[in-house]
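Student: Let's see this in three dimensions:
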Amino acid sequence: MTEMFFRCSRFAVVGASKDRAKYGNKVLRSLVDHGLEAFPVHPKEKEVEGIDVIQLEDVPDPKSCGISIVTPPVVTLATIQKASGLGFENFW
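Tutor: Purely as a prediction, here's the structure:
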């Protein structure tokens, strides 16, 4: 499963935060630092780490996009359901 996730051509990080101490920010930075295309997804932020925030509906070609979910459990379940409905297949 891990191999399939990292074969994705781009990544969405749900729960990406401006707070560099939070894991959503760390995951986003790690992906970008490794030269991977990553989109921060957050309901309230406009940008994270200089990257414009988008919503799951705006992620191009969800089937080729890995989705890393770094949110509280109650938000995670709703996010998985929504992302599955949008065509995402590779979750972390």
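
Student: got the residue ranges for the helices in this protein?
Tutor: Assigned by DSSP state H, the chain shows helices spanning 2-6, 23-33, 73-86.

Student: what residue lies at the spatial centre of the protein?
Tutor: Nearest residue to the geometric centre of the chain (C-alpha atoms, centre = their mean): V13, 1.7 Å.

Student: rewinding a little: tabulate the helices of the chain in TSV, adding columns for mean pLDDT and distance to P40.
Tutor: Where C-beta positions appear, they are placed from N, C-alpha and C, glycine not excepted. Shown next, in TSV, are these (pLDDT from 0 to 100; distance: least, C-beta to C-beta, whole Å):
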stretch	mean pLDDT	distance to P40
helix 2-6	75	18
helix 23-33	96	6
helix 73-86	94	14
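
Student: nearest to S64, of the ones you listed?
Tutor: The minimum distance between S64 and these falls on helix 2-6, with 11.3 Å, by C-beta to C-beta.

Student: The closest one - contacts with which helices or strands?
Tutor: Secondary-structure packing of helix 2-6 (3 or more C-beta pairs under 8 Å, 6 or more residues apart in numbering; DSSP states H and E): strand 90-91.

Student: how does it look with 10 Å?
Tutor: strand 65-69, strand 90-91 (3 or more C-beta pairs under 10 Å, 6 or more residues apart in numbering; DSSP states H and E).
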